[in-house]
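**Q** fold the following.
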Amino acid sequence: MINLKIDPEFQSQIPPLTDDEFKQLEENILKEGKLLSPLIVWNNTLVDGHNRYAILQKHPEIYFSTMPLPFESREEVLAWICKNQLGRRNLTPEQKKFLMGKQYSSEKRTEAFRGNQHTVKKSGSVQSGHKQKPMKTCERIAQENHSSASSVRRAEYYAHGVDVADELSPGFRDWFFREELHIPDYLLENLGKAKPEEQAEIFEEIKNYVPKPKKVKPNKVTVKQAEKAASNTIDENYDVPQKFLELY
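**A** Numbers count the residues shown, from 1 in each chain. Prediction:
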C-alpha cells in the first residue's frame, strides 16, 4: 500500500459525497475488486481520487494504480482539479459556481507567475496582418461552462467568500455543500470582497439568513371553467325516477 500525501487545499476543492454516494462507490469498488481509474498524483501528493483512496485505506487488498502528472505549481494543480470536477460530475449550482471561481483564481495566479518568469523581446521588424486577440481567461472558462465572463468574475468572489466563511467557522464549506443551503449569492460575494475587519459582520448576516417562504399563486379559473364546473354539480333536489331506482 502506497502512502500518498493528502493536501487539505486540494481535497477541499472536491465537492463531498453524501453518505449514500460514498457507500455506493465503496460497493462498486469491492464488486470490481480493483480501481478502474488510476489515482492522479503530483510528487506523491494525491490530486484526484480522495474518496477512492479513503476506501482503499479500509480495504488494502484492492488493487489500484497511480498516474503522475507533471504540474509546475500548486496553482496548476488547483486549476486542474476544478476543471476536472466541472467536467465530470453532476453539480449543484452552488458547487459549480464555487469551482468556476476557484479555477479562475488559480489560473490567473498561474499566468501572473509565468508572466514574471519570461521577458518579451522587442523586435524592430514590422509584421503585416492582424493577429487574433487572445481569449481572456474568464471568457474561456465561461465558454467551457456555458456561462458568461461576468458570471465567472463574480464566481471568484463567491468562492473566496465560501473559503472565508470556512475560516471563520471550520466545517462551513462541507456543511454548505452537503446540506445545499440556498444562501443568496450576493451575501457570499460580499464576504469575498470584504476587508478583514468587515468579514465577521457579513458572516453573521449569512448565518442568520432565513429564506423567504415561497408565495403560492392561486389557480386562475376562467369563466368557462367555472360554468362547466357548475354544470357538473349534482342538484340535491333532483327527484330520481322510480324506474331508475328499481333498475338499480
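
**Q** show me where this structure has helices.
**A** Under the criterion DSSP state H, the chain contains helices at 8-12, 19-32, 50-58, 74-88, 93-117, 137-144, 149-168, 172-179, 185-193, 196-207, 223-231, 242-247.

**Q** residue closest to the middle of the chain?
**A** For the chain, the residue nearest the mean C-alpha position is Gln95 (1.6 Å; Cα atoms, centre = their mean).

**Q** for it, what are its contacts?
**A** The contact partners of Gln95, taken as Cβ atoms under 8 Å, 6 or more residues apart in numbering, are Pro15, Phe177. Every C-beta, even on glycine, is put in place using the N, C-alpha and C of the backbone.

**Q** walk me through the domains of this structure.
**A** Domain assignment for the chain by automatic domain parsing gives 1-70, 76-114+136-206.

**Q** and Leu78, how many neighbours does it have?
**A** Residues contacting Leu78 under the criterion other Cβ atoms under 10 Å number 24.

**Q** Pro60 versus that one, what's the distance?
**A** 29 Å (Cβ to Cβ, to the nearest Å).

**Q** got it, and Glu72?
**A** Glu72 is 33 Å from Pro60, where distance means Cβ to Cβ.

**Q** for Ile29, same thing?
**A** From Ile29 across to Pro60, the span is 12 Å (Cβ to Cβ).

**Q** higher neighbour count, those two?
**A** When Ile29 and Pro60 are compared on other Cβ under 10 Å, the one with more neighbours turns out to be Ile29, at 19 against 8.

**Q** hmm, back to that, nearest to Pro38, out of the helices of the chain?
**A** helix 50-58 (9.8 Å; Cβ to Cβ).

**Q** which residues touch the closest one?
**A** Outside helix 50-58, the residues touching it (Cβ under 8 Å, 6+ apart) are 1, 4, 6, 10-11, 14, 17, 22, 25-26, 29, 35, 37, 39, 46, 62, 64.

**Q** of those, keep whichever come out buried.
**A** Leu4, Phe10, Ile14, Leu17, Glu26, Ile29, Leu35, Leu39, Leu46, Ile62, Phe64 (16 or more other Cβ atoms under 10 Å).

**Q** ok, the second one - contacts?
**A** When contacts are counted by Cβ under 8 Å, 6+ apart, Phe10 touches Thr45, Leu46, Val47, His50, Val77, Leu78, Ile81.

**Q** need these in JSON lines (columns: distance to Val162 and pLDDT).
**A** Shown next, in JSON lines, are the contacts of Phe10 (distance: Cβ to Cβ, whole Å; pLDDT from 0 to 100):
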{"residue": "Thr45", "distance to Val162": "23", "pLDDT": "96"}
{"residue": "Leu46", "distance to Val162": "22", "pLDDT": "97"}
{"residue": "Val47", "distance to Val162": "21", "pLDDT": "97"}
{"residue": "His50", "distance to Val162": "18", "pLDDT": "95"}
{"residue": "Val77", "distance to Val162": "19", "pLDDT": "96"}
{"residue": "Leu78", "distance to Val162": "14", "pLDDT": "96"}
{"residue": "Ile81", "distance to Val162": "15", "pLDDT": "96"}
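
**Q** count the residues that sit near the nearest residue to Val152 once chain neighbours are set aside.
**A** Using Cβ to Cβ, 6 or more residues apart in numbering and skipping residues adjacent in sequence, the residue nearest Val152 is Cys138, 4.3 Å away. Cys138 has 21 neighbouring residues, counting by other Cβ under 10 Å.

**Q** so how far is Lys97 from Cys138?
**A** Applying Cβ to Cβ to Cys138 and Lys97 gives a distance of 13 Å.

**Q** for the residue nearest to Glu9 when sequence neighbours are not counted, give me its contacts.
**A** Nearest non-adjacent residue to Glu9, counting by Cβ to Cβ, 6+ apart: Leu78, 7.1 Å away. Contacts for Leu78 were tallied using Cβ under 8 Å, 6+ apart; they are Glu9, Phe10, Gln13, Lys102, Gln103, Ser106.
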